[in-house]
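**Q** quick one, what's the 3D model for this:
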Amino acid sequence: MRKALLLLTVLSTACGGNTSGVSSAEIQAFNAAALGVSTAAASYGTQAAAMTSTATCISAQGAYDPQARPKVLEMQGMGPGMDRGMGSMGHMADRDMACAANAMMAELDRHAAIACASAADMTANKAEAQQHVATMTQWADHQMVRSNEMGSMMGTGMGGMAGGGTTTGHCVHDADGSYTMLP
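**A** Take a look at the predicted model:
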């Protein structure tokens, strides 16, 4: 019986199936959502650098959030399945894709609450926007690295997917409700 189960697993994997419970299309969609957040954040960063008034600040943030938020929501929905897939492939320490998506949403919410708060000091508004962009870019890069890692482990030839680096830290949900990227 054990030999038959092993044979079925090998055949399933060889014929394009997988044992992770996550399809290559799901991994590609997750990667695309992370890339979408990164792209939106980069654009927002460019706009933030040129902000000259509270009105331009509000306009830039108001255009950015509806671009990024749906992508983060998509990753939040897919994250638990991605984590289960990582676990089923023996990468327990890399099961943090849901955590990172939640960290991204917490950062979006934090920024939305304080963006453009200074009516008199655009330097403070620009600094807040740039800090937000750096944080979102770090989390988005993490998500792209993780999804590339999953694609590679599945042998799906997904090395061409968008993704920043080749290594990443690990998302931790801290006791105070915040999120941290640990090495």
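**Q** strands of this structure, residue ranges please.
**A** Secondary structure of the chain (DSSP state E): strands at 170-173, 179-182.
**Q** out of the helices and strands in this protein, which is least certain?
**A** The helix or strand of the chain with the poorest confidence is helix 2-14; it has a mean of 37 (mean pLDDT, DSSP states H and E).
**Q** hmm, back to that, return the most buried member of the strands of the chain.
**A** Most buried of these by mean neighbour count (mean count of other CB atoms under 10 Å) is strand 170-173; its value is a mean of 18. From N, CA and C alone the C-beta is placed, and that goes for glycine too.
**Q** and it, which strands flank it?
**A** Strand 170-173 has its sheet partners listed here by DSSP bridges as strand 179-182 (antiparallel).
**Q** model confidence over the strand it pairs with, on average?
**A** Computed over strand 179-182, the mean pLDDT rounds to 96.
**Q** tell me which residues in stretch 77-94 are buried?
**A** By 16 or more other CB atoms under 10 Å, the buried positions in stretch 77-94 come out as 78-79, 81-86, 89, 91, 94.
**Q** again with stretch 50-69
**A** Result for stretch 50-69 [16+ other CB under 10 Å]: buried residues 51, 54, 56-57, 60-61, 64-65, 68-69.
**Q** longest single helix anywhere in the chain?
**A** In the chain, with assignment by DSSP state H, the single longest helix is helix 54-88.
**Q** so which of the strands of the chain is nearest residue 129?
**A** strand 179-182 (19.4 Å; CB to CB).
**Q** neighbouring contacts of that closest one?
**A** With contacts defined as CB atoms under 8 Å, 6 or more residues apart in numbering, strand 179-182 is touched by 99-100, 102-103, 106-107, 138-139, 142, 168-174.
**Q** and those residues, which is the shakiest by pLDDT?
**A** The member of these with the lowest pLDDT is residue 168, and it reads 85.
**Q** pretty sure it sits against residue 141.
**A** Yes - with contact defined as CB atoms under 8 Å, residue 168 reaches residue 141; the gap is 7.0 Å.
**Q** which of the two has more neighbours?
**A** Legend: neighbour count by other CB atoms under 10 Å for residue 168 and residue 141, higher for residue 168 (23 against 20).
**Q** ok, that one - contacts?
**A** By CB under 8 Å, 6+ apart, residue 168 lies in contact with 141-142, 145-146, 181.
**Q** tell me which of those fall in helices.
**A** Reading helices off the contacts of residue 168 with DSSP H, I get 141-142, 145-146.
**Q** ok, of the buried residues of stretch 50-69, which one's closest to residue 28?
**A** For the buried residues of stretch 50-69, the closest approach to residue 28 (CB to CB) belongs to residue 68, at 19.2 Å.
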